[in-house]
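Peer 1: take this sequence and fold it.
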Amino acid sequence: MDSRKFIPLIVASAIIMQQIDSTAVTTALPSIADALQVSTLSLHSSITVYLLALGIFLPISGWLADRVGAQQLFACAIGIFTLASLLCAAASNLPTLVIARLVQGFGGALMLPTARLIIVRSVPRAELVSAMLLMSMPTAIGPTIGPLVGGFIVSISSWRWIFWINLPFGIAGIVLTLLFIEPVPPGESKPFDTIGFILSGCGIGAVIFGFDLFSDGKGLSTLLLSIVGTVVLVAYVFYARRHRHAILDLTLFRYPTFRSSLLGGTLFRMGFGAIPFMLPLLMQQIFGYTPLQSGTITFVSAIGAFGMRTMAKRILRRFGFRTVLCWNAVIASASIALCAFFTPQTAPALIMVVILLGGVFRALQFSSVNTLAFADVDPSEMSHATTLSQMAQRLAQSMGVAGAAALLRLCSGQSDTLTAKAFSTSFLVVGFFSALSFFSFTMIPKTAGDVLAGRAS
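Peer 2: Down below sits the predicted model:
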């Protein structure tokens, strides 16, 4: 039997482990806080640092794959992620957990881009579409069942099992990768942009880490670190303009569709990145729901997202990308603001309807943004565009979580005790901030993406 038939399944199985783990943690935050004897709000760092590591280290995955080979790097990435999972499970305090999550994020950053490279180089071209569809399923399924898995585990056992269960899956993934995925020869070795990586990594890290410290109640002085990071990022912009092999190709912003999609998409993702963090806290800390009840309710968001997958193309053909992105940004953001009116007396069925609709409109926005972003990008620049887009997505999610934590703390009077009023105010602010993406999408040309949407005559 042709071993290449197993490649998409092996790759997909490894990625779904990473996707489930990253989303299951959000539902378990109150339980982890109790075990580590810290405030629930302070645990946002464990999510922020994971997403931060994903964003910072994504650009080096392609270069490493070309240097050492995709098969070896993929097995190594699974190993790093699995080892970090064990460190997370064994964590006895918050700093240890945050460090372990940082390492876990590094492994995850190497995993997804390398998986795509393995598929492209190993699967026959005639089977490539089917293989890529199979590989894309974990990114949809993982976030769907992650909160449910997290809630179930915490309800019957310790939160540490969210990380322990990665051990058998990780070992199996490494063994199957080495047995069934043939070594992919290294590609063309381009010089690594060390200076660019240091500037971009330190700049992004300082901005988010400074903001993260501020959101953790460390005082306004911590924002100085974010200001320093901003200065470093400006320095990178000047550096990248003069460097031929810059690690982040900023010349891609010359494409209006890519520029507007990335900027508007980042604002939108920052808003929706806060929701998986805020909703479980609201339901468990204020409403008194169990982790399993919380995970079950938020699960309906994914059901809405799956439903939209069958309708997105027809909607885009009818209205076009610009109209959909502009007005759907407002509608989806309104679904965030509606969460501000949830109370302990609100019927769970009504909460589920709002979350379901939010999932529908969010999926339409993400599908539209992700498609339009690459509409005009030259094929030779696609790898750079993918890297920059993926990096922006992870960093937007990270900023969304840190921003939500800062809002909740400020609205609670700098107290670790969260209040219903703090959540209401925070949901309104986050919804408003997400809606600001409307203005970026208005910059998209009217006919942009018409060929992709099937509107071109």
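Peer 1: pLDDT of stretch 167-183, averaged?
Peer 2: For stretch 167-183, mean pLDDT is 85.
Peer 1: show the pLDDT at residue 456.
Peer 2: 61.
Peer 1: meant to ask about residue 84, not that
Peer 2: 94.
Peer 1: residue 230 now?
Peer 2: The model reports residue 230 with a pLDDT of 90.
Peer 1: ditto for residue 131
Peer 2: 61.
Peer 1: next one: the one 4 residues further on
Peer 2: For residue 135, the pLDDT comes out at 61.
Peer 1: low-confidence ranges in the stretch 251-400 of the chain?
Peer 2: Residue ranges of the stretch 251-400 of the chain with pLDDT under 70: 309, 383.
Peer 1: what do you get if the cut-off is 90, keeping everything else the same?
Peer 2: 251-262, 265, 269-277, 280-281, 285, 290-324, 356-400 (pLDDT under 90).
Peer 1: need the nearest residue in space to the most centrally placed residue in the chain, chain neighbours excluded.
Peer 2: Residue closest to the mean C-alpha point of the chain, counted by CA atoms, centre = their mean, is residue 394 at 4.5 Å. Nearest non-adjacent residue to residue 394, counting by CB to CB, 6 or more residues apart in numbering: residue 55, 3.7 Å away. Backbone N, C-alpha and C define where each C-beta goes, glycine included.
Peer 1: related to what we said a few turns ago, dump the residue contacts of the residue nearest to the centre of the chain.
Peer 2: 51, 52, 54, 55, 58 (CB atoms under 8 Å, 6 or more residues apart in numbering).
Peer 1: turn these into TSV, columns for neighbour count.
Peer 2: TSV is the format used below for those (neighbours: other CB atoms under 10 Å):
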residue	neighbour count
51	25
52	28
54	27
55	26
58	26
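Peer 1: rewinding a little: so which helix or strand takes in the residue nearest to residue 394?
Peer 2: Secondary structure from DSSP states H and E places residue 55 in helix 44-68.
Peer 1: list the buried residues in that helix.
Peer 2: 44-66 (16 or more other CB atoms under 10 Å).
Peer 1: quick one: average pLDDT of it?
Peer 2: 82.
Peer 1: after that helix, which helix or strand is next?
Peer 2: Counting by DSSP H and E, what follows helix 44-68 is helix 70-90.
Peer 1: output the contacting helices and strands for that following helix.
Peer 2: helix 7-27, helix 44-68, helix 94-122, helix 161-164, helix 166-180 (3 or more CB pairs under 8 Å, 6 or more residues apart in numbering; DSSP states H and E).
Peer 1: now do 6 Å
Peer 2: helix 94-122, helix 161-164, helix 166-180 (3 or more CB pairs under 6 Å, 6 or more residues apart in numbering; DSSP states H and E).
Peer 1: mind checking which of these is nearest residue 423?
Peer 2: Residue 423 sits nearest to helix 94-122 of all the helices and strands packed on helix 70-90, at 22.6 Å, using CB to CB.
Peer 1: separation between residue 428 and residue 333?
Peer 2: Plainly put, residue 428 is 10 Å away from residue 333 if you go by CB to CB, to the nearest Å.
Peer 1: looking at these two, which one has more neighbours?
Peer 2: Using other CB atoms under 10 Å as the criterion, residue 428 and residue 333 rank with residue 333 on top: 27 against 17.
Peer 1: tell me the buried residues in the helix or strand hosting that one?
Peer 2: Here residue 333, judged by DSSP H and E, is contained in helix 321-338. Within helix 321-338, the residues scored as buried using 16+ other CB under 10 Å are 321-322, 324-326, 328-330, 332-338.
Peer 1: kindly report the same for stretch 363-378.
Peer 2: 363-369, 371-377.
Peer 1: got the domain ranges for the chain?
Peer 2: 1-189, 193-246, 249-457 (automatic domain parsing).
Peer 1: you'd agree residue 335 is up against residue 359?
Peer 2: No: counting by CB atoms under 6 Å, residue 335 does not reach residue 359; the two are 8.6 Å apart.
Peer 1: sorry, back to before: helices or strands next to the helix holding residue 55 in the packing?
Peer 2: helix 94-122, helix 194-215, helix 382-411.
Peer 1: apply 7 Å and report the result again.
Peer 2: Here helix 44-68 touches helix 7-27, helix 94-122, helix 194-215, helix 382-411, going by 3 or more CB pairs under 7 Å, 6 or more residues apart in numbering; DSSP states H and E.
Peer 1: point out the most buried one among the ones you listed.
Peer 2: helix 7-27 (a mean of 24; mean count of other CB atoms under 10 Å).
Peer 1: quick one: average confidence on the helix or strand just after that helix?
Peer 2: Per DSSP H and E, the first helix or strand lying C-terminal to helix 7-27 is helix 29-36. The average pLDDT within helix 29-36 is 89.
Peer 1: and helix 29-36 with helix 70-90, angle?
Peer 2: 60 degrees (axes from the mean of the first three to the mean of the last three CA atoms, to 10 degrees).
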